[in-house]
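Q: attaching a predicted model along with its sequence, questions to come.
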Amino acid sequence: MDQIQAMRVFVRVVEAGNFTRAADSLDLPKGTVTKHIQALEARVRVKLLNRTTRRVTVTPDGAAYYERAARLLNDFDDLEASMVNTQTAPSGRLRLDVGSSMARLIIIPALPRFCERYPDIQIDLGVGDRLVDLISDNVDCVIRGGELSDQSLVARRIGSLNWVTVASPDYLRRHGMPQHPHDLESGHQIVGFFSGHTRRMYPLEFMRGEESIEIAGNYRLAANDSNAYTAAVLAGFGVAQVVTAIAQPLLESGELVEILPGWTQTPLPVHVVYPPNRHLSAKVRAFVDWVADLFASNPLLQRG
C-alpha cells in the first residue's frame with residue numbers, strides 16, 4: 001500500500017463527505033478509493049469511517065487521524081514545493097468556479113491570453129451563481145461578488161461591480177418612464193432576483209445623498225441566474241439593476257435604456273477566493289495574479 005496516497009484518499013473522502021465525490025475529484029475509480037480506505041484501516045487497526053448508503057461520517061479515531069494526516073500532507077507538499085525550481089512553468093489541472101455572466105463576458109473572452117502564457121495549465125471551469133464549498137467540491141479558487149462570510153478562506157479583492165437601473169424600450173413604451181424609485185411600487189413591474197442558496201428575494205436599492213430606498217416591487221418573473229436575469233429585462237419583463245459591465249454594450253446598442261440616473265447603488269466588491277494553504281501552488285498563484293491584472297485593466301471593473 002502507498003501510505004501517502006492512502007492518506008490523501010482518506011483526507012479527500014472526509015472533506016468530500018462520500019466516496020463518489022472523492023473518487024471524482026481524485027480521478028480514481030470508486031473501487032480504488034474503497035480499497036485504499038480498507039487498507040489504511042487495516043494498517044492502523046482502527047475504524048476510521050462509518051459508511052451508509054448515502055454518506056460517510058468520521059469516527060472519533062478517524063477525526064483525530066484526519067487532523068494529523070491533513071497537517072502531514074500539507075507539510076509534505078510544502079517540502080516538495082520548496083525543492084522545485086521557482087522558475088518552472090506552472091502546470092497541472094486548475095479547478096475554477098465563476099458566476100455565469102462573469103464567465104461569459106469577462107473571464108472566458110480573456111482566457112486565451114492566459115492559456116497562451118501558461119500552456120501547461122489545464123482548466124476545469126465551473127460556471128453558475130450557486131455557492132460552492134471549495135474544500136468538499138475540491139475547487140482551487142472561485143471569483144465571487146459580494147461580502148464574504150467564510151473567514152476561513154483567503155480572499156483577495158480584485159475589483160468592484162457598479163450597477164445601473166435599466167428597462168427595455170418596449171417596457172417603457174408600455175409603462176412609462178419612472179421619475180422616482182417610489183414610482184416602481186405601483187404601475188410598474190421589476191425583474192426579481194433571488195438567491196439560489198437561501199431563496200431570498202433581493203430588493204432594488206437606490207441611494208442619493210443621504211437618502212436610501214429599498215423597493216421590493218411587483219414581479220411576473222424572478223431568476224436566480226445573472227444571464228437569465230439580463231435576458232428577462234431584455235424581454236421586457238420589468239425594471240432591473242444590472243452590473244454596468246454587462247449593461248454597457250446593451251445601452252450603447254439601444255437594447256436597454258438607463259432609468260433613474262440620479263440614483264446609485266453600493267458597488268459590489270469582487271474577490272478571488274482560495275483555501276488557506278500555507279503554500280499557494282504555482283498554477284493558482286498564476287491565475288490569481290492574472291485575474292487581478294485583468295480586472296485592474298478594465299475601467300468598468302476597477303475597485304471603487
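A: The structure has been received and is ready for your questions.
Q: so where is the stretch 201-304 of the chain shaky, pLDDT-wise?
A: 277-280, 302-304 (pLDDT under 70).
Q: would you state the strands of it in chain order?
A: 201-202, 204-208, 211-215, 219-223, 240-243, 257-258, 268-274 (DSSP state E, counting those that start in this stretch).
Q: identify whichever of those lies nearest to residue 17.
A: strand 268-274 (20.3 Å; CB to CB). (C-beta placed from N, C-alpha, C; glycine too.)
Q: past the longest helix seen in the chain, which element shows up next along the chain?
A: In the chain, taking DSSP state H as the definition, the longest helix is helix 60-83. Following helix 60-83 in sequence order, the next helix or strand is strand 92-98 (DSSP states H and E).
Q: quick one: that next one to strand 268-274, angle?
A: 150 degrees (axes from the mean of the first three to the mean of the last three CA atoms, to 10 degrees).
Q: picking up where we left off before, residues making contact with the longest helix of the chain?
A: With contact meaning CB atoms under 8 Å, 6 or more residues apart in numbering, helix 60-83 is reached by 4, 7-8, 10-11, 14, 44, 46-49, 58, 277-279, 281.
Q: dump that helix to CSV, keeping only the CA atoms.
A: The C-alpha coordinates for helix 60-83 follow below in CSV (Å, rounded to 0.1, in the frame of the first residue of the first chain):
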residue,chain,number,x,y,z
PRO,A,60,-13.6,9.7,16.8
ASP,A,61,-10.4,7.9,15.8
GLY,A,62,-10.9,8.9,12.2
ALA,A,63,-11.3,12.6,13.2
ALA,A,64,-8.0,12.5,15.1
TYR,A,65,-6.3,10.7,12.3
TYR,A,66,-7.7,13.3,9.8
GLU,A,67,-6.3,16.3,11.7
ARG,A,68,-2.8,14.9,11.8
ALA,A,69,-2.9,13.4,8.3
ALA,A,70,-4.0,16.8,6.8
ARG,A,71,-1.2,18.6,8.6
LEU,A,72,1.4,16.0,7.5
LEU,A,73,0.2,16.1,3.8
ASN,A,74,0.4,19.9,3.8
ASP,A,75,3.9,19.8,5.2
PHE,A,76,4.9,17.2,2.7
ASP,A,77,3.5,19.3,-0.2
ASP,A,78,5.4,22.4,1.2
LEU,A,79,8.6,20.4,1.3
GLU,A,80,8.2,19.2,-2.3
ALA,A,81,7.3,22.7,-3.5
SER,A,82,10.3,24.2,-1.8
MET,A,83,12.6,21.8,-3.7
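Q: buried ones in that helix?
A: Buried positions in helix 60-83, judged by neighbour count with 16 or more other CB atoms under 10 Å: 62, 65, 66, 69, 70.
Q: next: stretch 7-24.
A: 7-19, 21-23.
Q: among the contacts of helix 60-83, which are in helices?
A: Among those, the members falling in helices (DSSP H) are 4, 7, 8, 10, 11, 14, 44.
Q: which of those sits closest to residue 174?
A: Taking the ones in helices among the contacts of helix 60-83 together and measuring to residue 174 by CB to CB, the closest member is residue 14, at 56.1 Å.
Q: how much space is there between that closest one and residue 94?
A: Distance from residue 14 to residue 94, counting by CB to CB, to the nearest Å: 23 Å.
Q: so how far is the longest helix of the chain off the chain centroid?
A: Distance, stretch centre to chain centre, for helix 60-83: 27 Å (CA atoms, centre = their mean, to the nearest Å).
Q: OK, contacts around residue 107?
A: Residues near residue 107 by CB under 8 Å, 6+ apart: 98, 125, 143, 291, 294.
Q: same thing but 7 Å
A: By CB atoms under 7 Å, 6 or more residues apart in numbering, the contact set of residue 107 is residue 98.
Q: checking it next. Helix, strand or coil?
A: helix (DSSP: H, G, I helix; E, B strand; the rest coil).
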